[in-house]
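Trainee: Sequence and predicted model, in that order:
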Amino acid sequence: MINVLIVDDEYSIREGIKNNISWAEYGLRVCGTAASGFEALELVDKEMPEIIILDIRLSDMDGLEVLEVVKEKYPHIKV
């Protein structure tokens, strides 16, 4: 299974993405969801997802800032 992390500050969007896609059908597993950039970075370190679905506008740090950190530390992760 390929691990996917979902990052969005809006609960309904996060849960909608998580619950309305048949992830296993595509060989994917949602390893976590995050409501903020800082939470996302903690989960990336802990869960090591292969794919991150990332909102650009987050409450604490810009999604592009999260992207820069992820690309620097984990260049193999697709965002």
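Mentor: Right, received. Where do you want to start?

Trainee: which residue sits farthest out from the middle of this protein?
Mentor: Distance from the C-alpha centroid of the chain peaks at Glu25, with 19.1 Å (C-alpha atoms, centre = their mean).

Trainee: Let me see the ranges of the helices in the protein.
Mentor: Using DSSP state H, the helices of the chain run over 11-19, 37-47, 63-73.

Trainee: In terms of secondary structure, what does the last one contact?
Mentor: The one in question is helix 63-73. In terms of contacts (3 or more C-beta pairs under 8 Å, 6 or more residues apart in numbering; DSSP states H and E), helix 63-73 is packed against helix 37-47, strand 51-54. Any C-beta I mention is one placed from the backbone N, CA and C, and that applies to glycine too.

Trainee: Quick check: buried residues in the longest one?
Mentor: So that's helix 37-47. Applying a neighbour-count criterion of 16 or more other C-beta atoms under 10 Å, one finds 37, 39-41, 43-44 buried in helix 37-47.

Trainee: okay, and for this protein, where does confidence drop off?
Mentor: The chain contains no residues with pLDDT under 70.

Trainee: returning to that earlier point: same list (the helices of the chain) but as CSV, adding distance to Asn3.
Mentor: Below are the helices of the chain laid out as CSV (distance: least, C-beta to C-beta, whole Å):
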stretch, distance to Asn3
helix 11-19, 13
helix 37-47, 6
helix 63-73, 14
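
Trainee: Next, Asp8: phi, psi?
Mentor: With angles defined as degrees, to the nearest 10, Asp8 sits at phi -160, psi 140.

Trainee: Good, wrapping up.
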